[in-house]
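Undergrad: When you get a sec, could you give me coordinates for this:
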Amino acid sequence: MVTLAVVGAGSRGLSYARHAAGTGRARVVAVADPLASRREKFP
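TA: Below is the predicted model:
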């Protein structure tokens, strides 16, 4: 299992994170973005 930190939680970061986690081989453990509304899209 790969752990991921997403830097930039816009549409591209969200899309890449969903794809990586959807394979079951990765897990998002941190999200960095200056906008709280974008960070809140990640569980």
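
Undergrad: any weak-confidence spans in this protein?
TA: Within the chain, no stretch has pLDDT under 70.

Undergrad: Pick out the residue nearest the middle of it.
TA: residue 17 (4.1 Å; Cα atoms, centre = their mean).

Undergrad: thinking that residue is in contact with residue 29, fair?
TA: No - assessed by Cβ atoms under 8 Å, residue 17 is found out of contact with residue 29, at 10.6 Å. Every C-beta, even on glycine, is put in place using the N, C-alpha and C of the backbone.

Undergrad: So for those two, which residues contact both of them?
TA: Residues touching both residue 17 and residue 29 (Cβ atoms under 8 Å, 6 or more residues apart in numbering): residue 4.

Undergrad: Please report the distance of residue 25 from residue 42.
TA: According to Cβ to Cβ, to the nearest Å, residue 25 and residue 42 sit 18 Å apart.

Undergrad: Those two: who's more crowded?
TA: More crowded of residue 25 and residue 42, by other Cβ atoms under 10 Å: residue 42, with 16 against 9.

Undergrad: ok so, going back, helix, strand or coil: sort out the residue nearest to the centre of the chain for me.
TA: The three-state label given to residue 17 by DSSP: H, G, I helix; E, B strand; the rest coil is helix.

Undergrad: quick one: contacts for it?
TA: Contacts for residue 17 (Cβ under 8 Å, 6+ apart) come out as 4, 6, 28, 42.

Undergrad: If we ignore the residues flanking it in sequence, what's nearest residue 4?
TA: Excluding its sequence neighbours, the residue lying closest to residue 4 (Cβ to Cβ, 6 or more residues apart in numbering) is residue 28, at 5.0 Å.

Undergrad: where exactly do the strands run in the chain?
TA: 2-7, 26-32 (DSSP state E).

Undergrad: what separates the last one from the chain centre, distance-wise?
TA: Between the centre of strand 26-32 and the centre of its host chain there is 5 Å, according to Cα atoms, centre = their mean, to the nearest Å.

Undergrad: That's all I had, so thanks and see you.
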